[in-house]
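Novice: Starting from these lines, generate the structure:
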Amino acid sequence: MKILLVGAGLSGAVIGRRLAEAGHDVTIVDSRDHVAGNCHTARDADTGVMVHVYGPHIFHTDDEEVWDYVNRFARFLPYKNRVKTTAGGQVFSLPINLHTINQFYGKTLRPDEARAFIEAQADTRIIDPQTFEEQALRFVGPDLYEAFFKGYTLKQWGLHPSELPASILKRLPVRFNYDDNYFFHRFQGMPEEGYTHMVEQILDHPAITLELNTPFARGDGAGYDHVFYSGPVDGYFGYELGPLGYRTLDFERFTYEGDYQGCAVMNYGEESVPYTRITEHKHFSPWENHEGSVCYREFSRSCGPEDIPYYPIRQVKEKELLQKYVARAESQSDVTFVGRLGTYRYLDMDVTIREALDTAESFLKAGTLPAFVMPPL
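Specialist: Presented below is the predicted three-dimensional model:
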């Protein structure tokens, strides 16, 4: 079959590779001049630092099959994400752990003591937290909420925490030990030569034709047996019903001779600081040594029509509009919407790859697919 994949990010590359290996004729188009989507990496010419061009991407998963898959195309080296944050003129470690609690309150609590102490701070009147703010007040209390979550969330989402669902905070753990590894997954690492090299290796197959700098319009799928579309689902329909809401990021890039902040990620939780964090990219490759450094100040704002969409907002009005676009998508034939943008969901890289592998296998078994293998709603 002749297959068209729109987008040369993880979804398009993984689906395309599997279908090419099964004997199909695969074309992949992307409007950008590079592969790997938002996990694109490139070496800085002046410093030699491997830069995460669209912001940091750290690979972590419990899915052994996905871990084996990415290691088939790249050598992954160990990397633990240890995030720091500033608050009240001090630097703390995140996620909130026993060191954070003891430092913040000036105590030397043991794990059981810290657990009881935090429970005493919590608002136990909140039985079933519905919002981000209620979730924070119920589980860490007002002091830690104000110091580490409130200002950061206002800047990141442009919404008060009382307007956001509790599920956002539920992804952030609180630990009553000294473990400051941000993630808890079994497999964690970084590709030695960057994500772009990994995706290039996935795409290196004689049955795959790659066309960069190639925007896609709906009619371009004519002549193909099936289209896998990983662009914005509202963009597929020309935003006819209006754009879905996203947050986008602006990066203020600067260089430094030496070590600027001593860690890869430093959050700035106070609302008075306009950026959410500073990332220092050479620390994402701790096996390398560089005198110079490349840093990004990261600013979050509402996504405009010419901006790169990062985080789907998925509030009530967005879900109502999404329902209309889903209905339109389901009326199409021979097109399947995949990935973060195609299904309007926030997806980690390992989940994106898992869904792409499963989607490809389903297609190979059935010979066709509906508009959505993974329902957006």
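Novice: Quickly note the distance from the closest residue to Ser285 other than its chain neighbours to Leu364.
Specialist: Excluding the flanking residues, the one nearest Ser285 by Cβ to Cβ, 6 or more residues apart in numbering is Met50, at 5.1 Å. From N, CA and C alone the C-beta is placed, and that goes for glycine too. Met50 sits 35 Å away from Leu364, going by Cβ to Cβ, to the nearest Å.
Novice: between the two, which one's more packed in?
Specialist: Each of Met50 and Leu364 has its neighbours counted (other Cβ atoms under 10 Å); Met50 has more, 24 against 14.
Novice: mind listing the helices for the stretch 51-200 of the chain?
Specialist: Applying DSSP state H, counting those that start in this stretch to the stretch 51-200 of the chain gives helices spanning 64-73, 98-105, 111-121, 132-139, 141-144, 151-157, 167-170, 195-202.
Novice: Format those helices as JSON lines; extra columns: distance to Val294, mean neighbour count and mean pLDDT.
Specialist: Output for the helices of the stretch 51-200 of the chain, formatted as JSON lines (distance: least, Cβ to Cβ, whole Å; neighbours: other Cβ atoms under 10 Å; pLDDT from 0 to 100):
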{"stretch": "helix 64-73", "distance to Val294": "24", "mean neighbour count": "16", "mean pLDDT": "98"}
{"stretch": "helix 98-105", "distance to Val294": "28", "mean neighbour count": "18", "mean pLDDT": "98"}
{"stretch": "helix 111-121", "distance to Val294": "38", "mean neighbour count": "14", "mean pLDDT": "96"}
{"stretch": "helix 132-139", "distance to Val294": "32", "mean neighbour count": "22", "mean pLDDT": "93"}
{"stretch": "helix 141-144", "distance to Val294": "32", "mean neighbour count": "17", "mean pLDDT": "96"}
{"stretch": "helix 151-157", "distance to Val294": "22", "mean neighbour count": "21", "mean pLDDT": "95"}
{"stretch": "helix 167-170", "distance to Val294": "29", "mean neighbour count": "16", "mean pLDDT": "77"}
{"stretch": "helix 195-202", "distance to Val294": "16", "mean neighbour count": "22", "mean pLDDT": "98"}
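Novice: Mind listing residues that contact the lowest-mean-pLDDT helix or strand in the chain?
Specialist: Within the chain, judged by mean pLDDT, DSSP states H and E, the helix or strand with the poorest mean is helix 167-170; its value is a mean of 77. Contacts to helix 167-170, defined as Cβ atoms under 8 Å, 6 or more residues apart in numbering, come from residues Phe132, Gln135, Ala136, Phe149, Thr153.
Novice: Which residue comes closest to the last one once chain neighbours are left out?
Specialist: Take Thr153 and drop its neighbours on the chain: the residue closest to it by Cβ to Cβ, 6+ apart is Pro161, 4.8 Å away.
Novice: Tyr152 is in contact with the one you found, correct?
Specialist: No. At 9.6 Å, Pro161 and Tyr152 do not qualify as touching, with contact defined as Cβ atoms under 8 Å.
Novice: Low-confidence stretches in this protein?
Specialist: 170-171 (pLDDT under 70).
Novice: hmm, back to that, tell me the contacts of the residue nearest to Thr153?
Specialist: Thr131, Phe132, Glu133, Ala136, Phe149, Lys150, Thr153, Leu154.
Novice: Need the residues that contact stretch 20-31.
Specialist: 1-9, 12-13, 16, 19, 37, 203, 205-216, 220, 224, 364.
Novice: Buried ones among those?
Specialist: For the contacts of stretch 20-31, a burial check counting by 16 or more other Cβ atoms under 10 Å picks out 3-9, 12-13, 16, 19, 37, 203, 205, 207-208, 210, 216, 224.
Novice: Inside strands: which ones of those residues?
Specialist: Ile3, Leu4, Leu5, Val6, Ile208, Leu210 (DSSP state E).
Novice: Go through those residues and say which is closest to Ser300.
Specialist: Ser300 lies nearest to Val6 out of those, by Cβ to Cβ, at 26.6 Å.
Novice: Thought Phe228 was touching that closest one, still the case?
Specialist: Yes. The criterion here is Cβ under 8 Å, and Val6 meets it with Phe228 at 7.0 Å.
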